[in-house]
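Trainee: 3D, please:
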Amino acid sequence: MAQMPFYEVNQAIVLTGGEDLNLCMQCGLCAGLCPWREVEGEFYVRQMIRMGQLGIEGYESDDILYGCTTCNKCVINCPRGVKIIDIMRSMRSIIAETGAIPGALKTVTGSCHSNGNPWSEPRDKRMDWAQGLDVPTFQEGTEYLLFVCCTSCYDQRSRKIARAMVDLLKKAGVSFGVIGQEESCCGESVRKIGDEEGFNKLAGGNISLFKNKGVKKIITTSPHCLYTFRNEYPDLGGEFEVVHSSQMLARLVREGKLKPAGFGKKTAYHDPCYLGRHSEIFDDPREVLQAAGAEMVEMERERKFSLCCGGGGGRLWMETEPEQRFSYLRVQEAADAGAEILATACPYCISMLEDSVKTRNLDEKLQIKDLSEILQESC
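Mentor: Predicted coordinates:
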């Protein structure tokens, strides 16, 4: 990428949505909470912001700009309210226009353009997760669309989350259905990677599809889908009532439509970044676990200070050395707290945490489970 004067880079970032860039006074409070400080990594949010202010030439080849997991810790700690993640996205979009994004992420965005999902899988396999289940099809008069995250559509482990949700919603008598192959990725991670064109294509297609089908209410299995449906789709004309699966399950438990009991295992709960810090949903998942009879144990970092799993911002598809993975630290925290189960409510977190459990050889001590799987077991 040709060298650009810093003022041109600065202006380009501002014009692509990073208008808060010049509010940054380099106080370093963002870097103080950046999870990369927890590991022997080379990525720091303060360094990334500095890139935006002085120029990004040379950094794209080192993938430094793609270290940010968009965990939102820096944002909640910024005294000037700088929307740091928007700045990251803007800088990445400039690099994306040149075609210089990391190879692994090129594969992700390319698959989203051609297949409607980031997993390089054909669209006609999107409903393979439902094999053997009697999953209702969304039609006129159905109250909720169950939108299953691409990860839970294509990843073998994550499919258990979607299947558990279907079972629980049917037990509770909820009016719901799925659309299936016509759906595309919500586009949240694609946008964070910097592919604005890809995001608009995915979001626009979904919005038209949902409106044509008469969708008004959506249940998401992923906090990432929840975030983008709630916060980004309205800007494109997509106004829907959206709830995360943890919110729906908590409501069904409160209403007595699901009656869990007897789980009884020592359980720590990991707050996903996009459910907790981004969407401020902390209590509903814990309410479900307590209702299920879980013996709750606390980890060192909880709620808004929860340690990121490392999968956001496109990093789910990037290679990270085991000792540099935040999930590597997180599973040890759970084990040190005496947990038998580390529960969470995000397909990305499930993938990252399970991988680290294996890497740390904690398989026989600690299990990773989604909230829906625990509730299914106890109902």
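Trainee: pLDDT on the helix or strand where Ser351 lies, on average?
Mentor: Using DSSP states H and E, Ser351 sits within helix 347-359. Regarding helix 347-359, the rounded mean pLDDT is 96.
Trainee: please verify my assumption that Cys27 contacts Pro79.
Mentor: Yes - applying C-beta atoms under 8 Å, one finds Cys27 in contact with Pro79, separated by 6.7 Å. The way it works is simple: take the backbone N, C-alpha and C, and place the C-beta from them, glycine included.
Trainee: now find how far off-centre the helix holding Ser351 is within its chain.
Mentor: Here helix 347-359 is found 13 Å from its chain centre; the criterion is C-alpha atoms, centre = their mean, to the nearest Å.
Trainee: list the contacts of whichever helix or strand comes after it.
Mentor: Counting by DSSP H and E, the next helix or strand C-terminal to helix 347-359 is strand 367-370. By C-beta atoms under 8 Å, 6 or more residues apart in numbering, the list of residues contacting strand 367-370 from outside reads 160-161, 164, 331, 340-345, 347, 350, 353-354, 357.
Trainee: for the helix holding Ser351, buried residues please.
Mentor: Burial within helix 347-359, assessed by neighbour count using 16 or more other C-beta atoms under 10 Å, is assigned to Pro347, Tyr348, Cys349, Ile350, Ser351, Met352, Leu353, Glu354, Asp355, Ser356, Val357.
Trainee: make CSV out of those and add distance to Ile207.
Mentor: Putting the buried residues of helix 347-359 into CSV (distance: C-beta to C-beta, whole Å) gives the following:
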residue, distance to Ile207
Pro347, 22
Tyr348, 23
Cys349, 27
Ile350, 28
Ser351, 27
Met352, 29
Leu353, 32
Glu354, 33
Asp355, 34
Ser356, 36
Val357, 38
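Trainee: please tell me how far Leu202 sits from Ser306.
Mentor: Per C-beta to C-beta, to the nearest Å, Leu202 is found 28 Å from Ser306.
Trainee: what do you get for Lys265?
Mentor: In terms of C-beta to C-beta, Lys265 sits 20 Å off from Ser306.
Trainee: more neighbours: these two, which one.
Mentor: Ser306 (25 against 17; other C-beta atoms under 10 Å).
Trainee: and the pLDDT at the more buried one?
Mentor: If you check Ser306, the pLDDT there is 95.
Trainee: which ones are touching it?
Mentor: By C-beta under 8 Å, 6+ apart, Ser306 lies in contact with His270, Asp271, Pro272, Cys273, Gly276, Arg277.
Trainee: where does it fall, phi/psi-wise?
Mentor: When read as degrees, to the nearest 10, the backbone of Ser306 gives phi -60, psi 140.
Trainee: helices or strands up against the lengthiest helix in the chain?
Mentor: Taking DSSP state H as the criterion, the chain has its longest helix at helix 196-213. Contact here means 3 or more C-beta pairs under 8 Å, 6 or more residues apart in numbering; DSSP states H and E; on that basis helix 196-213 packs against helix 103-115, helix 188-193.
Trainee: same for whichever helix or strand comes after the longest one, what does it pack against?
Mentor: Spelled out, that is helix 103-115. Using DSSP H and E, the helix or strand that follows helix 103-115 in sequence is strand 144-147. Packing partners of strand 144-147 (3+ C-beta pairs under 8 Å, 6+ apart): helix 159-171, strand 176-177, strand 217-220.
Trainee: got the angle between the helix holding Ser351 and helix 159-171?
Mentor: For helix 347-359 against helix 159-171, the angle by axes from the mean of the first three to the mean of the last three C-alpha atoms, to 10 degrees is 130 degrees.
Trainee: got the CA positions of helix 347-359 in CSV?
Mentor: The C-alpha trace of helix 347-359 is given here as CSV (Å, rounded to 0.1, in the frame of the first residue of the first chain):
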residue,chain,number,x,y,z
PRO,A,347,-20.7,-20.0,19.9
TYR,A,348,-17.4,-18.1,19.5
CYS,A,349,-16.6,-18.5,23.2
ILE,A,350,-17.5,-22.2,23.1
SER,A,351,-15.0,-22.8,20.2
MET,A,352,-12.1,-20.8,21.8
LEU,A,353,-12.6,-22.2,25.3
GLU,A,354,-12.9,-25.8,24.2
ASP,A,355,-9.7,-25.5,22.2
SER,A,356,-7.9,-24.2,25.2
VAL,A,357,-9.2,-26.9,27.5
LYS,A,358,-7.6,-29.4,25.2
THR,A,359,-4.4,-27.5,24.9
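Trainee: got the contact list for that helix?
Mentor: With contact meaning C-beta under 8 Å, 6+ apart, helix 347-359 is reached by 149, 151-152, 155, 157-158, 161, 221-222, 224, 270, 272, 309-312, 316, 322, 325-328, 330-331, 342, 344, 363, 366-368, 370.
Trainee: quick one: which of these sit in strands?
Mentor: Leu342, Thr344, Gln367, Ile368, Asp370 (DSSP state E).
Trainee: tell me which element the nearest residue to the first one once chain neighbours are set aside is part of?
Mentor: Yep, that's Leu342 we're talking about. Distances taken as C-beta to C-beta, 6 or more residues apart in numbering place Ala334 nearest to Leu342, at 4.2 Å, with adjacent residues excluded. In this structure, Ala334 sits in helix 326-336 according to DSSP H and E.
Trainee: what packs against that helix?
Mentor: By 3+ C-beta pairs under 8 Å, 6+ apart, helix 326-336 packs against strand 341-344, helix 347-359.
Trainee: CA atoms only: put it into PDB for me.
Mentor: This file holds the C-alpha atoms of helix 326-336, laid out as PDB (Å, rounded to 0.1, in the frame of the first residue of the first chain):
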ATOM      1  CA  PHE A 326      -6.900 -15.300  26.200                       C
ATOM      2  CA  SER A 327      -9.000 -18.400  26.400                       C
ATOM      3  CA  TYR A 328      -5.900 -20.200  27.500                       C
ATOM      4  CA  LEU A 329      -5.800 -18.000  30.600                       C
ATOM      5  CA  ARG A 330      -9.600 -18.100  31.100                       C
ATOM      6  CA  VAL A 331     -10.000 -21.900  31.300                       C
ATOM      7  CA  GLN A 332      -7.200 -22.000  33.900                       C
ATOM      8  CA  GLU A 333      -9.100 -19.300  35.900                       C
ATOM      9  CA  ALA A 334     -12.100 -21.600  35.900                       C
ATOM     10  CA  ALA A 335     -10.100 -24.600  37.000                       C
ATOM     11  CA  ASP A 336      -8.400 -22.600  39.800                       C
END
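Trainee: right, I'll leave it there.
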